[in-house]
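# Got a predicted structure here, sequence first:
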Amino acid sequence: MLEALKAQPQDKILQLIAMFREDARTGKIDLGVGVYKDATGLTPVMRAVKAAEKKLWEVETTKTYTALAGEPAYNAAMQGLILDGAVDAARLSSVSTPGGTGAIRQALELVKLAAPAAKVWISLPTWPNHPSIIKYLGIPMAEYRYFDAVSGGVDFDGLMEDLGRVMAGDVVLLHGCCHNPTGANLNADQWGKVCDLLAERGAVPLVDLAYQGFGDGLEADAQATRLVASGFPEVLIAASCSKNFGIYRERTGILIAISKDAEAAVITQQNLAFLNRQNYSFPPDHGARLVTMILGDAALRADWMAELEEVRQNMLGLRQALAEALRAETNSDRFDFVAQHRGMFSRLGLSEAQVVRLREDYGIYMVGDSRINIAGLNAQTVPVLARAVASVL
Ligand code: LMR
């Protein structure tokens with residue numbers, strides 16, 4: 001049986017982790033996978049997470065199964081964090097999932113279960129695992145233009161033209177904030193126009209919210225998701241706690257489904273729990289429990305928010321510094337968009353060959369499409385990257 005298997009393409013982002021590890025050069029720079037690093041290159045355990053873990057160790061008396069959909073308190077806390085009452089709670093269903101990827105996977109499984117013929121539209125470009133899972137599940141897929149490589153901003157005319165072809169019942173995958181891989185985002189006015197168009201077309205939005213708190217702030221980053229949530233009869237929201245709580249390996253995410261009314265939400269909830277049972281039964285609990293403790297305790301929550309804000313400000317500072325360094329090194333404003341982008345990533349607009357040269361000649365690792373993880377930089381490496389980029393242009 002197993003000899004029938006074919007080799008699988010390696011994930012282009014995860015592949016970089018191994019390549020970087022094997023590089024013996026000192027001074028190598030990792031701008032690959034989307035993991036936050038502080039100025040010393042460490043991905044810290046956040047203070048509130050440590051405190052919650054300590055408390056949990058003291059008070060936890062059992063590790064028996066929790067609910068199939070995950071702990072109800074976690075689901076409620078996350079609904080609050082993301083939606084803050086934007087939708088009548090009776091219309092919400094949700095399940096705890098293994099990370100944001102688990103939420104995306106369960107969302108697509110739900111689409112397949114409910115509407116096997118529905119097409120899923122993804123932005124061009126998008127996180128490579130989106131099309132990978134869609135294809136794996138055999139779901140019809142279409143792309144809409146998103147990025148303007150010349151300006152480094154959103155190709156809004158192209159996006160509106162392509163989304164104008166969405167058919168009723170099609171699912172449109174939107175990045176709630178901090179677009180991955182480009183870093184270019186819609187403004188509030190554009191979000192309004194996209195919502196109007198998609199509502200008119202009868203689309204079902206699927207929002208991927210993996211970086212809440214990494215862009216313009218915890219509340220600001222949820223605004224687009226709340227706008228979408230309140231403007232459609234049906235919406236799916238896949239959110240991750242990996243980045244904003246820094247609990248990557250704990251695999252903590254949530255899928256929230258908004259149904260047209262409370263009655264439909266009951267059936268949706270049953271189907272979400274069913275999908276959990278089919279795929280992995282009970283979702284992981286440790287990370288979800290920490291998140292619940294932090295969101296439910298005023299002091300822990302305040303400390304978490306303060307540290308998340310430090311993380312965000314650090315990335316904004318690095319963006320500013322990198323844009324200035326690139327301006328000085330290249331004698332042009334070509335890379336000014338880096339300061340306007342939000343979230344962990346920016347797509348620099350370099351060719352594959354230039355990306356390879358940066359890796360081979362300078363030990364600077366970025367994804368092949370020239371996506372950099374801003375948080376992989378620090379005050380010392382910003383000028384190094386700027387000089388290297390200028391030299392390969
Ligand atoms: C990324 O895009 O680098 C992150 O979302 C990590 C991942 O799983 O790809």
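Noted; the coordinates are in hand.

# And for the closest residue to the ligand within the stretch 151-300 of the chain, the neighbour number?
Per C-beta to the nearest ligand atom, Asn180 is where the stretch 151-300 of the chain lies closest to the ligand, at 5.2 Å. Any C-beta I mention is one placed from the backbone N, CA and C, and that applies to glycine too. Applying the criterion other C-beta atoms under 10 Å, we find 24 residues in the vicinity of Asn180.

# and if you look at Ala76?
With neighbours defined by other C-beta under 10 Å, the count for Ala76 comes to 16.

# in a helix, that's where it is, yeah?
Yes. Counting by DSSP: H, G, I helix; E, B strand; the rest coil, Ala76 is located in a helix.

# give me every residue that touches Ala39.
Ala39 is in contact with 314, 378-379, counting by C-beta atoms under 8 Å, 6 or more residues apart in numbering.

# Take the residues you listed and keep only those in helices.
The subset of the contacts of Ala39 located in helices under the criterion DSSP state H comprises Asn314.

# buried subset of the contacts of Ala39?
Buried members of the contacts of Ala39, scored by 16 or more other C-beta atoms under 10 Å, are 314, 378.

# can you put the contacts of Ala39 in TSV and add distance to the ligand and pLDDT?
Converted to TSV, these look like this (distance: C-beta to the nearest ligand atom, whole Å; pLDDT from 0 to 100):
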residue	distance to the ligand	pLDDT
Asn314	18	97
Asn378	19	96
Ala379	23	95
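
# Smallest gap between the stretch 251-393 of the chain and the ligand, at which residue?
When you check the stretch 251-393 of the chain against the ligand by C-beta to the nearest ligand atom, the closest residue turns out to be Asn373, at 6.9 Å.

# my read: that residue touches Gly34, true?
Yes. A contact is recorded between Asn373 and Gly34 when judged using C-beta atoms under 8 Å, the distance being 5.6 Å.

# Can you work out which residues contact both of those two?
Common contacts of Asn373 and Gly34, defined by C-beta under 8 Å, 6+ apart, comprise 344-345.

# what about the spatially closest residue to Pro284 that is not a sequence neighbour, how many neighbours?
For Pro284, the nearest residue in space outside its immediate sequence neighbours is Arg251; the separation is 5.1 Å by C-beta to C-beta, 6 or more residues apart in numbering. With neighbours defined by other C-beta under 10 Å, the count for Arg251 comes to 21.

# And for Ser123?
Burial of Ser123 is recorded as 26 neighbouring residues (other C-beta under 10 Å).

# So it versus Ala224, what's the distance?
Here the criterion is C-beta to C-beta, to the nearest Å. By it, Ser123 lies 14 Å from Ala224.

# what residues do those two have in common as contacts?
Taking C-beta under 8 Å, 6+ apart as the contact criterion, the common neighbours of Ser123 and Ala224 are Leu174.

# quick one, what contacts the closest residue to the ligand within the chain?
With distances taken as C-beta to the nearest ligand atom, the chain approaches the ligand most closely at Gly34, which sits 3.1 Å away. By C-beta under 8 Å, 6+ apart, the contact list for Gly34 reads 13, 180, 243, 344-345, 373.

# would a markdown table of these with pLDDT and distance to Lys135 be doable?
What follows is the contacts of Gly34, written out as a markdown table (pLDDT from 0 to 100; distance: C-beta to C-beta, whole Å):
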| residue | pLDDT | distance to Lys135 |
| --- | --- | --- |
| Ile13 | 91 | 17 |
| Asn180 | 97 | 18 |
| Lys243 | 98 | 25 |
| Met344 | 96 | 25 |
| Phe345 | 97 | 23 |
| Asn373 | 97 | 25 |
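
# care to break this structure down by domain?
10-45+313-392, 65-296 (automatic domain parsing).

# Around the ligand, pick out the residues from the stretch 51-200 of the chain.
The interface of the stretch 51-200 of the chain toward the ligand, taken as C-beta under 6 Å from any ligand atom, is made up of 127, 180.

# can you give me the helices in the stretch 51-200 of the chain?
Secondary structure of the stretch 51-200 of the chain, counting by DSSP state H, counting those that start in this stretch: helices at 72-83, 99-114, 129-136, 156-163, 188-201.

# and these as TSV, adding mean pLDDT?
Listed next are the helices of the stretch 51-200 of the chain as TSV, based on pLDDT from 0 to 100:
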stretch	mean pLDDT
helix 72-83	98
helix 99-114	98
helix 129-136	97
helix 156-163	98
helix 188-201	98
